[in-house]
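[1] What shape does this take:
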Amino acid sequence: MISTPSTVTTHSLTSSDHASAGEPFFSRPIVKNWLTFLAAGFLVSVPVFIEAPLVRFCPEISVIMTGGWLWLAFYLMKRPKTHLWGDLLFGFSWSWLAGAIYWGWFRWEPFIHLPIESIGIPIAVWCLWRGWGQVGNFFYVGSLLGTAITDAYFYVTGLIPHWRQLMQVDPSLATPIFQSALEQVQTPWGTSWAVVLANGLLGMGLWAMQKSDHHWWALAGAVLSTILVDSLFWFAASFA
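    Numbers count the residues shown, from 1 in each chain. Below is the predicted model of the structure:
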């Protein structure tokens, strides 16, 4: 019997196509990947825009809140439907703790920023070696890579003195420092390094998004959101 085109099309559908068609929209792998990507990007911005101002007044509260994030992470991980988000929150907890410690007590010392932000690396390495909590730990590694690239930019463009000044003066007096830093960023040297490092982050993020696993999309969200957060700071400085 000769198959008609419609018959061939119907018979060529794989079992995964049928399974995907019958799955709830938010349970489909590609949708979950995008949700993981967006959630990772949002969580990168939380320590920058929410925690940093909080720790200026009461860093102890931010440190204590780490326990709350971990409790919520483990609670969500106990349930299959929310395991992914608990996993992501687990990695976020280490970023939050590191931010609380650094921005609370050491923010005027840029040279120890990255070592403090790396506080969760031993736990992340151990978890990844055991094959546990990959989404959260990849998110943490991605956010740490973004932090390292941003810090590298401050070093190579000579912005470290501006960093120290901003951390020591009253926010109402920060405008001249922002303007001076912006002038340095807009030099050919500063612009060239911004393009190089941003392209490095962009390439890393897009490469991770070619993978099908959720943890790679968590890393991509953390890495690419670094470009967005840094751009927002640049615009803020421009209009200061």
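[2] Figure out the helix or strand that the residue nearest to Pro110 when sequence neighbours are not counted lives in.
    Nearest residue to Pro110, sequence neighbours excluded (C-beta to C-beta, 6 or more residues apart in numbering): Trp163, at 4.7 Å. In short, each C-beta sits where N, CA and C put it, glycine included. Here Trp163 is covered by helix 160-168, with elements defined by DSSP states H and E.
[3] Give me the next element, helix or strand, following that helix.
    Trace forward from helix 160-168 with DSSP H and E and the next one is helix 175-185.
[4] Only alpha carbons, please: show that following helix as PDB.
    Listed next in PDB are the C-alpha coordinates belonging to helix 175-185 (Å, rounded to 0.1, in the frame of the first residue of the first chain):
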ATOM      1  CA  THR A 175      27.900  62.300  41.700                       C
ATOM      2  CA  PRO A 176      31.400  63.700  41.000                       C
ATOM      3  CA  ILE A 177      32.900  60.300  41.500                       C
ATOM      4  CA  PHE A 178      30.500  58.700  39.100                       C
ATOM      5  CA  GLN A 179      31.200  61.400  36.500                       C
ATOM      6  CA  SER A 180      35.000  60.900  36.900                       C
ATOM      7  CA  ALA A 181      34.600  57.100  36.500                       C
ATOM      8  CA  LEU A 182      32.400  57.600  33.500                       C
ATOM      9  CA  GLU A 183      35.100  59.800  31.800                       C
ATOM     10  CA  GLN A 184      37.600  56.900  32.300                       C
ATOM     11  CA  VAL A 185      35.100  54.400  30.900                       C
END
